[in-house]
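*Asks:* fold the following, please.
(one chain, ligands or ions: 1)
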Amino acid sequence: MQALPRFFSTDENGNDEREFLSDFFENRDVMLSSIFLKGYQWPFDVRKLSGGSSIIDILVYMERSRGRRIFLDFRENPGREPVNFEKLDQEAYEYLRRAGACYGTPIERLSHMNMPAVEFYLGRGVDLRTKPLEIAVCAQHNNGGLAADAWWHTDVEGLFAAGEVCGSHGVYRPGGSALNSGQVGSARAAQYIAARRQGEPDNTGESFEEIAGKAVYDAEKMVSQVTGEKEGRIPVRELWNRAAVRMSRFGAAIRNPEKIELAIKEVQEELSHLGASAWVEEKKELWLAFRLRDMLISQFVYLSAMKDYVDHQGRSRGSALYTDFSGQKPDPRLPEEFTFCLDDGSSADLIQEVSYRNGKVRFEWRKVRTIPEDDNFFENVWRQFRESQNIY
Ligand SMILES: Cc1cc2nc3c(=O)[nH]c(=O)nc-3n(C[C@H](O)[C@H](O)[C@H](O)COP(=O)(O)OP(=O)(O)OC[C@H]3O[C@@H](n4cnc5c(N)ncnc54)[C@H](O)[C@@H]3O)c2cc1C
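*Replies:* Numbering: from 1, shown residues only. Sure thing, here's the model as predicted:
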């Protein structure tokens, strides 16, 4: 983005090319500055909508919603005219000036500033020197996830959740901390497992059959259903695509509470009839039916959590814009869907916890746990280390 590529959209077949950003930005230098800052500030952030870089996400999102495909073109400058660097926003101009990149086309600037980026795409079959790159707005982070303790141990005994799947990312997270969080979590979980979970599995008194029997029975039933007659059923891949589209429409960056409620009903309906409605053509596709079931359960839990958040007067924050007609639009030219109220931080010390059992969700809101006071007195730390390696 800092190389200032040309954005354009086309129809489904790649025809009718249009530089759609210039419909919104009357001033080309402001548009270029926003493109630059989009790269600089990256994740979609409701605080950066009004006159900020996240307006680019909204414009891409709106254009995609019209059924258009969006591309970044590094071969030519936006508007196919040279960039007047000195007219850019001060931050953008200084950055490009200091990088020695105030010249030429986007691909020339990108190759100069970050050749590995060009090579990265080349390694995946996209030559930015000759082809545009298709894009869409996507979720950068799973801001939420499985609850775990300081050893990344979940409340399911023996199940550890490190990385994006764990709810350790919070609403905002500093750049770079996601990969670190996964690495630190994995290392701590491994330390804990090596030190504390040796020996034989716990003997709960119940046999494996007693514990897992129902789940195995349900799984077998689903297998025989989805591999049955094709008549009146929907191929599992089609159901998968529908579910993915639904989450992008209703549970991604732009969240309309009314539409979320409808989406929850739809997911519940699909989940309860999955075995009867899905069809798997070949046995080797069976895994997809099971993943689809997991995906639908996750959608149900996440969408229900969004509804519960709104029911608790939750407002727009992080990478989520909740449509709220009592608020304001970041720009009068945007559709009503983009009317929202910014969160005032009053629930920043609360954690929303959801549990899913027997097809139902249950919510609890609790206070954030305070960070314990450190007792770094040498003798105590040393003794604890000898006793437990400080793994407790
Ligand atoms: C565009 C973008 C830019 C980012 N930039 C940064 C950055 O600069 N710095 C930073 O720190 N972080 C960044 N992040 C975040 C970071 O990449 C992620 O937090 C991290 O990669 C998560 O790693 P993970 O191993 O936890 O999960 P993933 O890498 O998502 O791995 C999960 C794996 O599980 C597989 N899987 C899912 N479901 C199933 C199933 N049912 N059965 C079997 N397999 C399954 C998936 O296919 C996937 O391979 C970025 C993310 C994005 C999207």
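*Asks:* OK, contacts around whichever residue of the stretch 1-150 of the chain sits closest to the ligand?
*Replies:* For the stretch 1-150 of the chain and the ligand, the shortest gap (CB to the nearest ligand atom) falls at residue 140, measuring 4.4 Å. C-betas here are computed from N, CA, C, even on glycine. Contact partners of residue 140, counting by CB atoms under 8 Å, 6 or more residues apart in numbering, are 42-44, 319.
*Asks:* buried only: go through those for me.
*Replies:* The neighbour count (16 or more other CB atoms under 10 Å) marks 43-44, 319 as buried among those.
*Asks:* thinking again about what came up before, how about the contacts of residue 140 in TSV, adding pLDDT, distance to residue 233 and secondary structure?
*Replies:* Formatted as TSV, the contacts of residue 140 follow (pLDDT from 0 to 100; distance: CB to CB, whole Å; DSSP: H, G, I helix; E, B strand; the rest coil):
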residue	pLDDT	distance to residue 233	secondary structure
42	78	42	coil
43	85	39	coil
44	91	37	coil
319	91	36	coil
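*Asks:* surely residue 321 is in a helix?
*Replies:* No: if the criterion is DSSP: H, G, I helix; E, B strand; the rest coil, then residue 321 is strand and not within a helix.
*Asks:* distance of the residue nearest to residue 173 when sequence neighbours are not counted from residue 306?
*Replies:* Nearest non-adjacent residue to residue 173, counting by CB to CB, 6 or more residues apart in numbering: residue 141, 6.7 Å away. Distance, residue 141 to residue 306, by CB to CB, to the nearest Å: 15 Å.
*Asks:* the helices in the protein, which residues?
*Replies:* Along the chain, the segments classed as helices by DSSP state H run 21-24, 28-41, 55-65, 90-98, 106-122, 177-196, 208-226, 236-250, 257-272, 274-277, 286-311, 378-388.
*Asks:* need phi/psi at whatever residue of the stretch 151-300 of the chain ends up closest to the ligand.
*Replies:* Closest residue of the stretch 151-300 of the chain to the ligand, CB to the nearest ligand atom: residue 163 (2.2 Å). The phi/psi pair for residue 163 (degrees, to the nearest 10) reads phi 100, psi -160.
*Asks:* ok, the spatially closest residue to it that is not a sequence neighbour - contacts?
*Replies:* What sits nearest to residue 163 in space, not counting adjacent residues and going by CB to CB, 6+ apart, is residue 182, at 3.6 Å. Applying CB under 8 Å, 6+ apart, one finds that residue 182 lies in contact with 162-164.
*Asks:* highest neighbour count among these?
*Replies:* Neighbours here mean other CB atoms under 10 Å. Within those, the largest count is held by residue 162, at 21 neighbours.
*Asks:* any chance of a markdown table for the helices of the chain, columns mean pLDDT?
*Replies:* Conversion of those to a markdown table gives the following (pLDDT from 0 to 100):
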| stretch | mean pLDDT |
| --- | --- |
| helix 21-24 | 95 |
| helix 28-41 | 93 |
| helix 55-65 | 95 |
| helix 90-98 | 96 |
| helix 106-122 | 97 |
| helix 177-196 | 92 |
| helix 208-226 | 90 |
| helix 236-250 | 95 |
| helix 257-272 | 97 |
| helix 274-277 | 94 |
| helix 286-311 | 97 |
| helix 378-388 | 92 |
